[in-house]
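*Asks:* Give me coordinates for this.
(one chain, ligands or ions: 2)
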Amino acid sequence: MSHVAVLGAGSWGTAFAKVLGDAGRDVTIWSRRETVAAGIRETGRNPHYFPDVRLPERVTATADAGKAIAGAEIVVLAVPSQTLRGNLADWRPFLESDATLVSLMKGIELGTTKRMSEVVIEAANVPADRVVVVSGPNLAPEIAAGQPAATVAAGIDLRRATLVQDAITTPYMRPYTNDDVVGAELGGAVKNVIALAYGIAEAMGLGDNIKATLITRGLAETARLGVALGADPLTFAGLSGLGDLVGTCHSPYSRNRTFGERLGRGETVEQAQAAVGQTAEGVKSCLAIRDLARKNNVEMPITEQVERVCHEGADPREALTILMTRTTKAE
Ligand SMILES: NC(=O)c1ccc[n+]([C@@H]2O[C@H](COP(=O)([O-])OP(=O)(O)OC[C@H]3O[C@@H](n4cnc5c(N)ncnc54)[C@H](O)[C@@H]3O)[C@@H](O)[C@H]2O)c1
Ligand SMILES: O=P(O)(O)OC[C@H](O)CO
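*Replies:* Numbering: from 1, shown residues only. Ligands and ions are numbered 1, 2, ... in the order given. Purely as a prediction, here's the structure:
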């Protein structure tokens, strides 16, 4: 069996490589920083992200993308959404002609408003059936610690979705297949925006009623956009929809929720980014999702207000007032 390449040695790339290794796959992680790659090779741990987590012996690392990708039948993409296109331009020459490309990203590209699988198809110049999206309630620190979790491997080619499902099945990870790529990707991208709103609400000392409302109405606007783009509405009731939304909003591990809490305490986006350190996709994606919704004449009031708070300096209290005083309507 050929090895799996995991491109990106951040929080999720590292935890996902551990899952693959525990499922019996030989894994090569590509890290941008040679120090991180050397740390993984020499200590069997990612010194920057999970210094206390021992990676399986089958997992190694390199800072040479060509070496990581050559011969891999599965190539896992685990970089920030906004850098993916540029990264793929560099990696494309090394891809095997039948490799399955797995997207772990939960974002929408700024400017183009494209989903990550669309970016992969374009930038790697591969047909849509070669892309599988993995998305679900998958907080990396829990998974790195071996806590049980489930996820979705979504692809239009069931054979490839099943290939990925098999490659990540372990006693602590239970993956389901799904053919709704659009629904899986939108659930993952929009939940980050709603988690920002949830974090803001938490920091403002708002009660459980309104936080439950944010989750429920957040899912409603996610599904509205999804249906307009051809997703199956039922996908939003599944792991990559409601599951991920609830997991992210509730978890102190969530970078998006934490980022929102900092904004809700009055920090600027720059201060919150410096404190969180890692990728909080919703901060940039809220702009792209808002634009995508407007293009498709879909109302996304929570996303609109998160964008105003993140990028237009709006006061969260004013944003809440706007949401609460919208024209009343049927559910
Ligand atoms: N962490 C999680 O729990 C989790 C779970 C599911 C999905 N995701 C998604 O996975 C994706 C990656 O997130 P993460 O948690 O690994 O983020 P992270 O911030 O922990 O890691 C990002 C990695 O990308 C690298 N990177 C940054 N800029 C780069 C560039 N220009 N080119 C190449 N590499 C670059 C960083 O060095 C780092 O290794 C995001 O879309 C996120 O939403 C994360
Ligand atoms: O830490 P976050 O907010 O990026 O969320 C991580 C995962 O997407 C949860 O499924």
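
*Asks:* Quick one: distance of the longest helix seen in the chain to the chain centre.
*Replies:* With secondary structure taken from DSSP state H, the chain has its longest helix at helix 181-203. Distance of helix 181-203 from the chain centroid (CA atoms, centre = their mean, to the nearest Å) equals 10 Å.

*Asks:* Which helix or strand lies directly C-terminal to that helix?
*Replies:* Next helix or strand after helix 181-203 toward the C-terminus (DSSP states H and E): helix 208-228.

*Asks:* List of residues touching that next one?
*Replies:* Contact with helix 208-228 is made by 182-183, 186-187, 190-191, 193-194, 197-198, 201-202, 231, 233, 235-236, 241-242, 245-246, 249, 289, 292-293, 296-303, as judged by CB atoms under 8 Å, 6 or more residues apart in numbering. Heads up, the C-betas are built off the backbone N, CA and C, glycines and all.

*Asks:* 7 Å - rerun?
*Replies:* Residues from elsewhere that reach helix 208-228 (CB atoms under 7 Å, 6 or more residues apart in numbering): 182-183, 186-187, 190, 194, 197-198, 201, 233, 236, 241-242, 245-246, 249, 292-293, 296, 298-303.

*Asks:* which residues sit in contact with T235?
*Replies:* Taking CB under 7 Å, 6+ apart, one finds 178, 180, 183-184, 187, 241 in contact with T235.

*Asks:* check those residues against ligand 1, which are close?
*Replies:* Applying CB under 6 Å from any ligand atom, the subset of the contacts of T235 adjacent to ligand 1 is empty.

*Asks:* Buried only: go through the contacts of helix 208-228 for me.
*Replies:* Buried subset of the contacts of helix 208-228 (neighbour count, 16 or more other CB atoms under 10 Å): 182-183, 186-187, 190, 194, 197-198, 201, 236, 241-242, 245-246, 249, 292-293, 298, 300-303.

*Asks:* center of this structure, which residue is that?
*Replies:* K106 (2.7 Å; CA atoms, centre = their mean).

*Asks:* Confirm that residue sits in a helix?
*Replies:* No: assignment of K106 by DSSP: H, G, I helix; E, B strand; the rest coil gives coil, placing it outside any helix.
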